[in-house]
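> got a sequence here, can you model it:
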Amino acid sequence: MLKVKFALRSRFLLVPYISRNCRWDSCKPLPFFINPFFTESQNRAYTSTPQPNNSANILLVDYLTNSLKLPNTEAVAISKRFPRVTSIEKPETVVHFFKSLGFSDAQIQLSVKRQPGILFADIEKTIKPKVAFYQELGLCGPHLGTMVSKNPFLLASSLSKTIKPGIEVIKEVLESEKSNNDNNNNFKALMFRILSRYAFVIGKDSVLRSNIAYLRRCGVVGSQLITMLKCEPRLLSIPEGELRNLVSRATEVGFLMGSRMLVYGILALYGNTPETIDRKSKLLCSFGFSQDESNEMFVKSPPMFKTSEAKLRRGIEFFLQTVMLDKSVLVGTPALLDFSLEKRMIPRYKILEMIKSRGLLEKEPSFVTVAFLTDKKFVEKYILRFGNDDAKELQVTYENHLLQES
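Okay, here's the model as predicted:
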């Protein structure tokens, strides 16, 4: 009994010493067998925490460089994380399995670079169940290889605790599109895009559910939620407080709850600070637009406020000072400012000026109407319709302006 008391008292007396000299994390339980008087190597032998190793594992380096074609520096860095590996049987098995799924050599190489531990994963217990789950979603062959190579943690994370819950939330939103479309390719393509580019939202299922529920209360439902997933899935994974702030800012500008435009207002505001939006509003006001007109333009064409201030300024100057439109036209049709000046507006304006100077049209067309025509329609209506000589010259002029402005 006395020996037990002495042992316990000695253990607790050592705690302060250990926390000062061995950087013990007081939030974790102290292993009773760690002794501050042991050497560093002796303590490492008794702990389960992986320790950095400065020596390269030559066997693993050879495999990574010769079989997977990794650069030597990267192979060495990876090998140092697995100093106790004495066989490459498991890595060979994993790589063979990936190839049987249709992964390319480049996809396997990228997966290993980003998640080296995947080479030592248990195929039956860890990899196959997740692969089967993704295949059920329609993600097979090259698509699966692309997705995994970009986000190999999708094979490393827990299927039941992390992957399934997050994907189930996304599936619930996407199911409406799947049911309304005879071809499931759209569903697969959207799921592939989310998992390959924004897979970090997986694992935030509680945040996703909370944000989706809030957006539905705001009137953002069905296809609008799908639009948000297509354009900016990250938005659904931000803290709900930030999302509420975005919705509040949108309503202050003039978007209405339940409006189909609300989702586009939220998307435009996401990534733009209030200060940035304020600067763009002031830019509009410097050209004579009132604050109400500025807000009206934003509500009608939210992407306008995702454009740079420089592009916005050049666009306003072009339409008001070159085309000589009344500013009321821009208030009514602010989407004009979304178009590229160089690739669309200036070349078309030059052609119309050329047509007018030659008197080829009895009635001058509205530039707003011309601006919204597709490229094909514009060429047919304002170039090819004229006689051979005029058509050829107009075509050459149009193509030259496109080249000059590109």
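> I figured residue 352 hits residue 366, correct?
No: in this structure, residue 352 is not within contact of residue 366 by C-beta atoms under 8 Å, at 10.1 Å. C-beta coordinates here come from the backbone N, C-alpha and C atoms, glycine included.
> may I have stretch 65-75 as PDB, with CA atoms only?
Backbone C-alpha positions of stretch 65-75 (Å, rounded to 0.1, in the frame of the first residue of the first chain) are rendered in PDB as follows:
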ATOM      1  CA  THR A  65      10.900   7.600 -58.200                       C
ATOM      2  CA  ASN A  66      11.100   4.500 -60.400                       C
ATOM      3  CA  SER A  67       7.500   3.300 -60.400                       C
ATOM      4  CA  LEU A  68       5.500   6.400 -59.800                       C
ATOM      5  CA  LYS A  69       8.000   8.800 -61.400                       C
ATOM      6  CA  LEU A  70       8.000  11.300 -58.500                       C
ATOM      7  CA  PRO A  71      10.800  13.800 -58.400                       C
ATOM      8  CA  ASN A  72      13.600  12.600 -56.100                       C
ATOM      9  CA  THR A  73      13.200  15.500 -53.700                       C
ATOM     10  CA  GLU A  74       9.500  14.800 -53.200                       C
ATOM     11  CA  ALA A  75      10.100  11.100 -52.900                       C
END
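> ok, residue 106 - contacts?
With contact set as C-beta atoms under 8 Å, 6 or more residues apart in numbering, residue 106 has these partners: residue 149.
> distance check, it against residue 149.
8 Å (C-beta to C-beta, to the nearest Å).
> the more surrounded of residue 352 and residue 366?
residue 352 (18 against 11; other C-beta atoms under 10 Å).
> check the more buried one and give its pLDDT.
Looking at residue 352, its pLDDT reads 92.
> which other helices and strands contact the helix or strand it falls within?
Residue 352 belongs to helix 346-358 when assigned by DSSP states H and E. In terms of contacts (3 or more C-beta pairs under 8 Å, 6 or more residues apart in numbering; DSSP states H and E), helix 346-358 is packed against helix 367-371, helix 388-405.
> if we use 10 Å, what do you get?
Counting contacts by 3 or more C-beta pairs under 10 Å, 6 or more residues apart in numbering; DSSP states H and E, helix 346-358 is packed against helix 367-371, helix 375-379, helix 388-405.
> which stretch among those helices is buried most, on average?
helix 367-371 (a mean of 15; mean count of other C-beta atoms under 10 Å).
> residues making contact with that one?
Contacting residues not belonging to helix 367-371 are listed as 319, 323-325, 329-330, 332-333, 335-336, 339, 344-345, 348-349, 351-352, 377-378, 381-382 [C-beta atoms under 10 Å, 6 or more residues apart in numbering].
> dump the helices and strands packed on helix 346-358 to TSV, plus distance to residue 100 and mean pLDDT.
Shown next, in TSV, are the helices and strands packed on helix 346-358 (distance: least, C-beta to C-beta, whole Å; pLDDT from 0 to 100):
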stretch	distance to residue 100	mean pLDDT
helix 367-371	53	94
helix 375-379	45	93
helix 388-405	48	81
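> can you add distance to residue 165 and give those back as JSON lines?
Compiled in JSON lines, the helices and strands packed on helix 346-358 are given as follows (distance: least, C-beta to C-beta, whole Å):
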{"stretch": "helix 367-371", "distance to residue 165": "47"}
{"stretch": "helix 375-379", "distance to residue 165": "45"}
{"stretch": "helix 388-405", "distance to residue 165": "49"}
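> residue 98 is nearest to which of these?
Ranking the helices and strands packed on helix 346-358 by distance to residue 98, with C-beta to C-beta as the measure, places helix 375-379 first at 43.0 Å.
> got the CA positions of the closest one in CSV?
Extracted in CSV, the C-alpha atoms of helix 375-379 (Å, rounded to 0.1, in the frame of the first residue of the first chain):
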residue,chain,number,x,y,z
ASP,A,375,-22.1,36.5,-82.4
LYS,A,376,-23.7,34.4,-85.1
LYS,A,377,-26.8,36.6,-85.3
PHE,A,378,-24.8,39.8,-85.4
VAL,A,379,-22.6,38.5,-88.3
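> how far does it sit from the chain's center?
Taking C-alpha atoms, centre = their mean, to the nearest Å, the mean C-alpha location of helix 375-379 is offset from the chain mean by 33 Å.
> same thing with stretch 298-310?
20 Å.
> extract the C-alpha trace of it and format it as CSV.
C-alpha atoms of stretch 298-310 as CSV (Å, rounded to 0.1, in the frame of the first residue of the first chain):
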residue,chain,number,x,y,z
PHE,A,298,-27.4,46.2,-58.9
VAL,A,299,-30.7,44.5,-58.3
LYS,A,300,-31.3,44.2,-62.1
SER,A,301,-27.8,42.9,-62.8
PRO,A,302,-26.0,41.6,-59.7
PRO,A,303,-22.9,40.4,-61.7
MET,A,304,-22.2,44.1,-62.5
PHE,A,305,-20.8,44.4,-59.0
LYS,A,306,-18.5,41.5,-59.4
THR,A,307,-16.7,43.3,-62.1
SER,A,308,-13.6,45.3,-61.4
GLU,A,309,-13.8,49.0,-60.8
ALA,A,310,-11.6,49.7,-63.8
